[in-house]
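A.B. asks: need coordinates for the following:
(one chain, ligands or ions: 1)
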Amino acid sequence: MKRCVFLGLGHYVPERLVTNQELTTLMDTTDEWIVERTGIRQRYWVPGEMGGSELAEHAAREALTRAGLEPGDLDCIILATLSPEHTFPGTACFLQARLGIPGIPALDVRNQCSGFIYGLSVADAWIRSGQYRRILLVGAEVHSTGLDISTRGRDVACLFGDAAAVAVLGASESGERGVLSTHLHADGRFAKALWIEAPGSRFHPLRISHQMLDEGRHFPKMNGRQVFTAAVQRMPEVIHECLRTNGLSIQDVALLVPHQANQRITEMVARQLGIPMERVASNIERYGNTTAASIPLCLYEAEREGRLRPGDLVVLASFGAGFTWASAAVRW
Ligand code: UT7
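C.D. replies: So this is what the prediction gives:
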């Protein structure tokens, strides 16, 4: 049976390190508040003009090298982001040009924190059907240019970091290794609990006005409590769904890789599942929430640290804006 397997992982974080201490010079906040409520100590922000496709190019070249492949070996790009470089075309098109591989399809996925797993689900189906053989799956975010870096926006601004992380995916005929299943969900009734309102094509006659800018309606807004409560309910649910589908239990999981939204969310999810933190990936302390990049960034580090061995069961899980939530089981 053909399965979608991970051939190589890559990452890139911009060089500008922003500590909680630096944030205290930009807004009314403290290192203690941020660490206690989120687990975040630092994040990286782009040093100047730098789009998601640039971050992704560095990550992609590393992943290709680690897979022993060239850009020309790819036959598809799927890129998940909530911070597109431009309104259109999609960031995947800019990345494709950077990699110098014209002609292959370049698809943007817009599912926020669940973007990487939504993209994995599409890639898995395409690879198993034989439509594409080698897919570059990317999570890339430049949050820092879109944050309200002031006391008004401190609840959101302290959370997010910039990064890209990618996986080169291919086909294995053995049927033992690879993606076992993916599980995707959304509930658009809560679309405005975490969103950026403007610019938006529904506004008339223009997508954004000076007044909207003055009101900060182009910045992300979040009902933190509502997102938190839903995350700690939906993530265990979708992980159980994933394990049930494959006839597995939490004891079988060698590594749980949850989206890095908040260390308290990760710990509450782990507690509900009864999985010890040694088997849960966490790097939010160093990178903050990097949205679509957070799961592949964790996978990248786990592999570098020797925490992913052939045959291990790895479960990925996410919750975020939309609301969207998702999981995937992978036999490494
Ligand atoms: O990727 C998925 C999307 N995001 C998430 O999953 C995030 C989910 N939510 C959360 O992680 C948490 O709700 C936050 C970390 C965002 C906030 O933590 P909280 O414990 O829910 O705090 P809160 O929003 O209830 O705010 C408590 C207080 C407020 O002050 P008052 O009204 O009690 O006087 C806030 O104004 O903390 C204040 N506050 C801050 N204080 C210092 C909010 N942000 C900050 C800040 N520094 N950065």
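
A.B. asks: buried ones in stretch 263-279?
C.D. replies: Buried residues in stretch 263-279, defined by neighbour count with 16 or more other CB atoms under 10 Å: 263, 265-266, 268-270, 273, 275, 279. Just so you know, the C-beta spots here come from the backbone N, C-alpha and C atoms, and that holds for glycine as well.

A.B. asks: and for stretch 180-198?
C.D. replies: Of the residues in stretch 180-198, 180, 182-185, 190, 193-195, 197-198 count as buried by neighbour count, 16+ other CB under 10 Å.

A.B. asks: just these that are near the ligand?
C.D. replies: Restricting the buried residues of stretch 180-198 to those touching the ligand (CB under 6 Å from any ligand atom) yields Leu194.

A.B. asks: give me the subset of the buried residues of stretch 180-198 lying in strands.
C.D. replies: When DSSP state E defines the strands, the subset of the buried residues of stretch 180-198 inside them is 180, 182-185, 194-195.

A.B. asks: same list (those) but as TSV, adding pLDDT.
C.D. replies: Shown next, in TSV, are those (pLDDT from 0 to 100):
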residue	pLDDT
Leu180	98
Thr182	98
His183	98
Leu184	98
His185	98
Leu194	98
Trp195	98
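
A.B. asks: ok, the buried residues of stretch 180-198 vs Val330, which is closest?
C.D. replies: The nearest member of the buried residues of stretch 180-198 to Val330, counting by CB to CB, is Leu180 at 6.7 Å.

A.B. asks: what's around the residue lying closest to the closest one once chain neighbours are set aside, how many residues?
C.D. replies: Excluding the flanking residues, the one nearest Leu180 by CB to CB, 6 or more residues apart in numbering is Ala329, at 4.2 Å. Residues lying near Ala329 (other CB atoms under 10 Å) number 22.

A.B. asks: bridging residues for Ala329?
C.D. replies: With DSSP bridges as the criterion, Ala329 is bridged to Ser181, Val315.

A.B. asks: how close does it sit to the ligand?
C.D. replies: Distance of Ala329 to the ligand, computed by CB to the nearest ligand atom, to the nearest Å: 21 Å.

A.B. asks: wait, isn't that residue in contact with Glu241?
C.D. replies: No - using CB atoms under 8 Å, Ala329 is not in contact with Glu241; the gap is 10.1 Å.

A.B. asks: return stretch 308-325 as PDB; C-alpha atoms alone will do.
C.D. replies: Provided in PDB are the C-alpha atoms of stretch 308-325 (Å, rounded to 0.1, in the frame of the first residue of the first chain):
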ATOM      1  CA  LEU A 308      12.000  10.600  16.200                       C
ATOM      2  CA  ARG A 309      13.100   7.000  15.400                       C
ATOM      3  CA  PRO A 310      12.000   4.900  12.500                       C
ATOM      4  CA  GLY A 311       8.800   3.100  13.500                       C
ATOM      5  CA  ASP A 312       7.800   5.600  16.100                       C
ATOM      6  CA  LEU A 313       4.100   6.700  16.200                       C
ATOM      7  CA  VAL A 314       3.900  10.500  16.000                       C
ATOM      8  CA  VAL A 315       0.700  12.300  16.500                       C
ATOM      9  CA  LEU A 316       0.200  15.900  15.300                       C
ATOM     10  CA  ALA A 317      -2.600  18.100  16.600                       C
ATOM     11  CA  SER A 318      -3.700  21.700  16.200                       C
ATOM     12  CA  PHE A 319      -6.400  24.200  17.200                       C
ATOM     13  CA  GLY A 320      -6.700  27.800  16.000                       C
ATOM     14  CA  ALA A 321      -8.500  30.500  14.200                       C
ATOM     15  CA  GLY A 322     -11.600  29.600  12.200                       C
ATOM     16  CA  PHE A 323     -12.100  27.800  14.500                       C
ATOM     17  CA  THR A 324     -10.200  25.000  12.900                       C
ATOM     18  CA  TRP A 325      -8.700  21.900  14.500                       C
END
